[in-house]
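Enquirer: sequence and computational prediction follow.
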Amino acid sequence: MHVDGGARGNPGPAAAACVIHAPDGRLLEQRSELLGRATNNVAEYRALLLGLARAAALGATEVEAINDSELIAKQIQGIYKVKHAAMRPLYLQARAALGNFDRWSIRTVPRAQNAEADALVNAALDGAQVPDGAQVPDGAQVPDGAQVPGGA
């Protein structure tokens, strides 16, 4: 599964997206959701959480998360510490969600190799106005997002 999150401004209007493929390469689902006003790092964690929730809902027992955020990947792997207090609940949620899979891995790729998820984030941000006062609490659960047109 490819995941990506982004914010226009930091913080600013933000969105998260995931693109999930079967092991044979078939597209299973692509989703995006607006997050309100958030930072890039919050959006990246929200994208990971969205992807993990959707993979679990599809019945996956193993997952490979691919993103373009070295910080998130290395925090999840335990290489980097989670120093920012507001990020800790998202980290803990992600680690708990990963624990529901028999096997998991996470890795970082250059943005160009994460183009599908990146495009979904930008499409979500281009398609809706996010009020300046809208906030996503750091500890909030990720709700099911609206399916992106063309998705499975």
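Expert: Looks like it came in fine. Numbers count the residues shown, from 1 in each chain.

Enquirer: residue 5 contacts residue 39, correct?
Expert: No: when contacts are counted by CB atoms under 8 Å, residue 5 is not listed as touching residue 39 (9.4 Å). To be clear about C-beta, it is placed using only N, CA and C from the backbone, and glycine gets the same treatment.

Enquirer: okay, and the residue nearest the centre of the chain sits in which element?
Expert: In the chain, the C-alpha nearest the mean C-alpha coordinate belongs to residue 47, at 1.0 Å (CA atoms, centre = their mean). Mapping residue 47 onto the secondary structure by DSSP states H and E places it in helix 40-57.

Enquirer: show me the shaky parts of the chain.
Expert: 128-152 (pLDDT under 70).

Enquirer: then the longest strand along it to CSV, C-alphas only?
Expert: Across the chain, the longest stretch assigned as strand under DSSP state E is strand 27-38. Extracted in CSV, the C-alpha atoms of strand 27-38 (Å, rounded to 0.1, in the frame of the first residue of the first chain):
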residue,chain,number,x,y,z
LEU,A,27,-5.6,-2.2,-7.6
LEU,A,28,-7.9,-3.0,-4.7
GLU,A,29,-8.8,0.5,-3.4
GLN,A,30,-7.8,4.1,-3.4
ARG,A,31,-9.0,6.6,-0.9
SER,A,32,-8.4,10.1,0.2
GLU,A,33,-9.9,12.3,2.9
LEU,A,34,-9.7,15.9,3.9
LEU,A,35,-8.2,16.4,7.4
GLY,A,36,-8.9,20.0,8.1
ARG,A,37,-6.0,22.1,9.2
ALA,A,38,-3.0,20.0,10.1
